[in-house]
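K.L.:
What follows is a predicted structure for the sequence shown.
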Amino acid sequence: MDAHFAHLAEGNARQARKRVAADVLIRDLRGRVLLVDPTYKEGWDLPGGMVEDNESPHDGARRELAEELRLDLTPGAPLVIEWVEAHGPWDDQIVFVFDGGTLTDEQISGITIGDDEIAAWRFVDPDELDVQLRSTIRHRVELSRRSLATGRTEYREGRPGQT
């Protein structure tokens, strides 16, 4: 290995690493939003999860859908990119929300829980999201829906206590 490559590798090893999450906004033909009930945290959430080492956010979203819901779906464009500052025991992270499109009744009938991290799933009317979601997730869904309407990816910097 030449000296220049070794120098770059050393620098890379010292650079900050970010946690990355990839969620997916999926709707049904009535416009309701697909939510999952994770077993490892309180409240309902969008399907998705943490991206693995050297995995793209897009590939991570697709993998998580397959693992959690046995759903073979290629996510579309990013709707939201959100940086979430460090809080509690967690370092900061970057969250991507991808467009999962609208599922047909046939696709929905094929959804089955494939991972013990998920207790349940359901479609929720947008008017009921206030009751079902924590404020940070609700805001992420609202930004995602706005992105669908405008055709523009939304960027947000999330801070604890902020909605």
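P.N.:
Cool, the structure landed.
K.L.:
Kindly state the beta-bridge partners for the residue most central in space within the chain.
P.N.:
In the chain, the C-alpha nearest the mean C-alpha coordinate belongs to D23, at 1.5 Å (C-alpha atoms, centre = their mean). Bridge pairing for D23 (DSSP bridges) gives the partners G48, V97.
K.L.:
Buried residues, the helix or strand A21 falls within. List them.
P.N.:
Following DSSP states H and E, one finds A21 within strand 19-27. Within strand 19-27, the residues that qualify as buried are V20, A21, A22, D23, V24, L25, I26, R27, counting by 16 or more other C-beta atoms under 10 Å. Where you see a C-beta, it was placed from the backbone N, CA and C, and this is true even at glycine.
K.L.:
Give me the neighbour count for T150.
P.N.:
Around T150 there are 9 other residues, counting by other C-beta atoms under 10 Å.
K.L.:
Look up how far V24 lies from it.
P.N.:
According to C-beta to C-beta, to the nearest Å, T150 stands 19 Å off from V24.
K.L.:
State the distance from E142 to T102.
P.N.:
Distance from E142 to T102, by C-beta to C-beta: 18 Å.
K.L.:
All the strands of the chain, residue numbers only.
P.N.:
Along the chain, the segments classed as strands by DSSP state E run 19-27, 33-38, 48-50, 78-84, 93-102, 118-124, 154-158.
K.L.:
Among the ones you listed, which comes closest to I108?
P.N.:
Comparison of the strands of the chain against I108 by C-beta to C-beta identifies strand 118-124 as nearest, at 7.7 Å.
K.L.:
What helices and strands are in contact with that closest one?
P.N.:
Helices and strands touching strand 118-124, by 3 or more C-beta pairs under 8 Å, 6 or more residues apart in numbering; DSSP states H and E, are strand 33-38, helix 57-69.
K.L.:
In JSON lines: the ones you listed, plus mean neighbour count.
P.N.:
Below are the helices and strands packed on strand 118-124 laid out as JSON lines (neighbours: other C-beta atoms under 10 Å):
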{"stretch": "strand 33-38", "mean neighbour count": "21"}
{"stretch": "helix 57-69", "mean neighbour count": "20"}
